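Student: Mind folding the following:
(chains A and B)
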Number of protein chains: 2
Amino acid sequence: MALLVMKFGGSSVSDAAAMSRVARRVVAVREAGDQVAVVVSAMGDTTDELLDLAAQVAPGVPPEREMDMLLSAGERMSMALLAMAVQQLGVPARSFTGWMAGMRTDTAHGSARLLDVQPARVRRALDEGSVAIVAGFQGISTDDDVTTLGRGGSDTTAVALAAALDADVCEIYTDVDGLYTADPRIVPSARRVTRLTIEETLEMAAHGAKILHLRAVEYARRFNVPLHVRSSFSDQEGTRILTGRPLTEDTMEEPIISGIAHDRSLGKVTAVGIPDRPGAAAAVVGAVARAGVSVDMIVQNVSTSDAATSDISFTIPEADGRTTVAAVRALQDEMGFADVLYTSHVGKLSLIGAGMRSNPSVASRLFAALADAGVNIEMISTSEIRISVICDQVDLEDAVRAVHTAFELDADEDAVVYGGTGR
Amino acid sequence: MALLVMKFGGSSVSDAAAMSRVARRVVAVREAGDQVAVVVSAMGDTTDELLDLAAQVAPGVPPEREMDMLLSAGERMSMALLAMAVQQLGVPARSFTGWMAGMRTDTAHGSARLLDVQPARVRRALDEGSVAIVAGFQGISTDDDVTTLGRGGSDTTAVALAAALDADVCEIYTDVDGLYTADPRIVPSARRVTRLTIEETLEMAAHGAKILHLRAVEYARRFNVPLHVRSSFSDQEGTRILTGRPLTEDTMEEPIISGIAHDRSLGKVTAVGIPDRPGAAAAVVGAVARAGVSVDMIVQNVSTSDAATSDISFTIPEADGRTTVAAVRALQDEMGFADVLYTSHVGKLSLIGAGMRSNPSVASRLFAALADAGVNIEMISTSEIRISVICDQVDLEDAVRAVHTAFELDADEDAVVYGGTGR
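Tutor: Below is the predicted model of the structure:
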């Protein structure tokens, strides 16, 4: 008898019919003899509707504690309804809030971090033969207040629950039937990847792939939770993500490249004409870090404006653009540089694959493909299993398609694409 | 500095604008220097929408534990939004679920009874200068499951919280501006009653007045909680309900009659032609009680069908009609009575007033008024401060108006009537 954690996002439980479909799926697994704990997000539009109500009542920045209290109602509704739908099929089910499921967090409302997971009540329900249904995205703080986990919260709940229950697998159901070699909305010939290492998945999530949230993948890697990404709308096998397994001959036969991630959410800041002296780059990047902004890629080169000076460019989350520019501008007089430029028209393409460790020609093949497609590379960064390039955002989709073809990732048939994604 | 509990029903918080109006009212009290704990129901239609979703997902009888989990989301949303609206006005506010507010109940999902109220967190929030906002209608069971309190639940939460906090008053805000001498929808000239004893209020609630729920009034009497019924749509003084105060000369000057309640929710069962022998009435009523049905009024008299036998008639909640008739019919062969009749076309009029204790002419004046109006009295019951009569339901409104006039209760101006009522 295996123990499965099955996580369903908002688009999988958008209405009563979807809820019943999920219930049938859960019941089929339970009736096959396995134990099932389900983690569920708020129904389709619930979160947006609650945010809209909050904006009407408290325009501006609503208080975070109360926002968490409000938003946590969303999962409460969906989990109770799903428990009803499962019982309707003759299988006992019990729903549990974050508090009841032992999801203890810090007090950072809106983006709380899990401190401890003690799912004793969930375990008891499973041992009694019930399907346990747990509210995703929420917890209870050390102050006994309701918290939410922020972006990717429900995935994180599922992985944390799977780790605490020592589940055999954590199945993440979503609106696509697995991870693809590229976003099928951009590359219709993208192929589903049947297996990925957790490191590759981490690079994919960190560099723009939206199916799995980085935080949940990090949690899965830390606690060795095997993930399985599947569609709630089909019976496709999905993508299995392997953890804690050394590379064997078997995995060495995997393709060199497992996928291409892309990211449109970055901005690029350039400090122009910095007088050449040691520590200039450190001063700029240090100021940005002190402003609480994560720097992604950095390039320093001889200035186009004056050969005796250099330019420093770096990318940051677009949402932090204003903060970053202010932090850099504050250094301008002291450091004596000419100007601060900002653009949000950047795109990042990342080529990811565990196989590139042993294949030195990947970079040159990538650059050649981009050159053939007429895409200008502005910045480059690499890890052991990833190469990322920054280009103009208008070139990004062409770049993804060109690289996909160059690395022979195209499938014979086009992929099927469903609706939006949940939280 | 006084401590007020203010309870707002669903129609008082039906949308963002209503929520902001309630917030202004709460803030005005807080800024005048008093401590305020607010109890709030689910917004307007929320409960109906949740019930509708449950019916779609689980047609038939949905599981009660999950229904409570689902419905409790309603108050969670309204209390969080109200806390935001109060903070928007610059006053700190914190919301608390039934669990957080220490509302411990038994495990009877859907109609749980409060066992213990320990609002330590509410007290702490008040002492810190915050407005405390508590979810009505819900609690946490001895099994640590979410429960709801059933009909009148939010009123009961408010009274229980007021008792536990030793509040100076529990203000019940609703969509009418107090208790009236009769339902203003039937008697436009009904007058607002400025003061009522808790006993009178109990009789009113027990016999059909819908503003305050019987259970909450019983709780208020037991714990000596002063109630104040007011409109959330006006600044009218409302109705003050006095508890634990002996009748003084001051109250002796109150009018003899404080109001007329009416009730259309009853059914009448008649066992016809019961052979006259001791214990016949006890046997019939006993069988009904064993079926879990509360008998309201009972009349036994010589049968119209056969003078050697008697008829027993009694009233019960209309919802229990089928159960009751079955229970009585099961006795038919054994007891040898002729037939069992049932009608839901009955109305009950109750005349209530602490002053009637010392005024023996009330009953005859009532009967005369009904006779003049052509209303036939089918059954009569009395308490020390109430006389109730059963009549045909088609005559009920005429009866209420005639009695209202006969006891000189009519006002010069018509009352203002607002929308529906919350739970």
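Student: In stretch A:139-158, which residues are buried?
Tutor: A:139-141, A:145-150, A:152-158 (16 or more other CB atoms under 10 Å in any protein chain shown). Quick note: C-beta positions are derived from backbone N, CA and C, even for glycine.
Student: Stretch A:384-403 now?
Tutor: Neighbour counts over stretch A:384-403 (16+ other CB under 10 Å) mark A:385-391, A:395-397, A:399-403 as buried.
Student: now the end-to-end length of that stretch.
Tutor: Distance across stretch A:384-403, first residue to last, is 19 Å (CA to CA, to the nearest Å).
Student: Which of the three states applies to the residue of the stretch 101-250 of chain A found nearest chain B?
Tutor: Residue nearest to chain B within the stretch 101-250 of chain A (CB to the nearest CB): A:Asp144, separated by 7.0 Å. Of the three states, A:Asp144 takes coil under DSSP: H, G, I helix; E, B strand; the rest coil.
Student: check which helix or strand covers the spatially closest residue to it that is not a sequence neighbour.
Tutor: Nearest non-adjacent residue to A:Asp144, counting by CB to CB, 6 or more residues apart in numbering or on different chains: B:Met100, 7.0 Å away. According to DSSP states H and E, B:Met100 maps onto no helix or strand at all.
Student: still on that earlier bit, inside helices: which ones of the buried residues of stretch A:139-158?
Tutor: Judged by DSSP state H, the buried residues of stretch A:139-158 include A:Gly153, A:Ser154, A:Asp155, A:Thr156, A:Thr157, A:Ala158 as members of helices.
Student: what residues does chain A put near chain B?
Tutor: Contact residues, chain A versus chain B (CB under 8 Å from any CB of the partner chain): A:16, A:19-20, A:50, A:53-54, A:56-60, A:62-63, A:65-67, A:69-70, A:72-73, A:76-77, A:79-85, A:87-88, A:93-95, A:97, A:99-100, A:121, A:144, A:146.
Student: Among those, name the buried ones.
Tutor: Neighbour-count burial (16+ other CB under 10 Å) applied to these gives A:16, A:19-20, A:50, A:53-54, A:56-58, A:62-63, A:65-67, A:69-70, A:72-73, A:76-77, A:79-85, A:87-88, A:93-95, A:97, A:99-100, A:121, A:146.
Student: Assign a three-state SS to the closest residue to A:Met379 other than its chain neighbours, would you?
Tutor: Among residues not flanking A:Met379 along the chain, A:Ile390 sits closest, at 4.0 Å (CB to CB, 6+ apart). Secondary structure for A:Ile390, judged by three-state DSSP, is strand.
Student: pLDDT score assigned to A:Ile390?
Tutor: If you check A:Ile390, the pLDDT there is 94.
Student: coming back round to it: can you tell me which of the ones in helices among the buried residues of stretch A:139-158 is nearest A:Gly33?
Tutor: Minimum distance to A:Gly33 across those is 21.4 Å, recorded for A:Ala158 (CB to CB).
Student: you'd agree that closest one is up against A:Ala216?
Tutor: Yes - assessed by CB atoms under 8 Å, A:Ala158 is found in contact with A:Ala216 at 7.2 Å.
Student: what sits against the residue minimising distance to the centre of chain A?
Tutor: For chain A, the residue sitting closest to the mean C-alpha position, by CA atoms, centre = their mean, is A:His213 at 2.2 Å. A:His213 makes contacts with A:Arg151, A:Gly152, A:Asp155, A:Thr156, A:Ala205, as judged by CB atoms under 8 Å, 6 or more residues apart in numbering or on different chains.
Student: And the next helix or strand past whichever helix in chain A runs longest?
Tutor: What stands out as the longest helix in chain A, according to DSSP H, is helix A:64-88. Next along the chain after helix A:64-88, taking DSSP H and E as the criterion, comes strand A:93-96.
Student: what's the average pLDDT for that following strand?
Tutor: Averaging pLDDT along strand A:93-96 yields 98.
Student: which residues sit in contact with the residue of the stretch 251-400 of chain A found nearest chain B?
Tutor: Residue of the stretch 251-400 of chain A nearest chain B, by CB to the nearest CB: A:Ala319 (23.2 Å). By CB under 8 Å, 6+ apart, the residues touching A:Ala319 are A:Ser265.
Student: and the most far-flung residue of chain A relative to its centre, what does it touch?
Tutor: Relative to the C-alpha centroid of chain A, counting by CA atoms, centre = their mean, A:Ala308 is the outermost residue, at 42.1 Å. By CB under 8 Å, 6+ apart, the residues touching A:Ala308 are A:Pro275, A:Asp276.
Student: Mind pulling the model confidence for it?
Tutor: For A:Ala308, the predicted pLDDT is 79.
Student: Tell me how far it lies from A:Arg386.
Tutor: Look at A:Ala308 and A:Arg386: by CB to CB, to the nearest Å, they are 35 Å apart.
Student: How about A:Pro278?
Tutor: A:Pro278 is 30 Å from A:Arg386, by CB to CB.
Student: Across the sheet, point out what pairs with A:Thr309.
Tutor: A:Pro275 (DSSP bridges).
Student: wait, what's in contact with it?
Tutor: Counting by CB under 8 Å, 6+ apart, A:Thr309 touches A:Gly273, A:Ile274, A:Pro275, A:Asp276, A:Val302, A:Ser303, A:Phe337, A:Ala338.
Student: Dump those residues into CSV; add pLDDT, distance to A:Ala190 and neighbour count as well.
Tutor: Shown next, in CSV, are those (pLDDT from 0 to 100; distance: CB to CB, whole Å; neighbours: other CB atoms under 10 Å in any protein chain shown):
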residue, pLDDT, distance to A:Ala190, neighbour count
A:Gly273, 89, 43, 17
A:Ile274, 88, 41, 23
A:Pro275, 85, 47, 14
A:Asp276, 78, 45, 13
A:Val302, 77, 39, 12
A:Ser303, 72, 40, 21
A:Phe337, 88, 43, 25
A:Ala338, 89, 43, 16
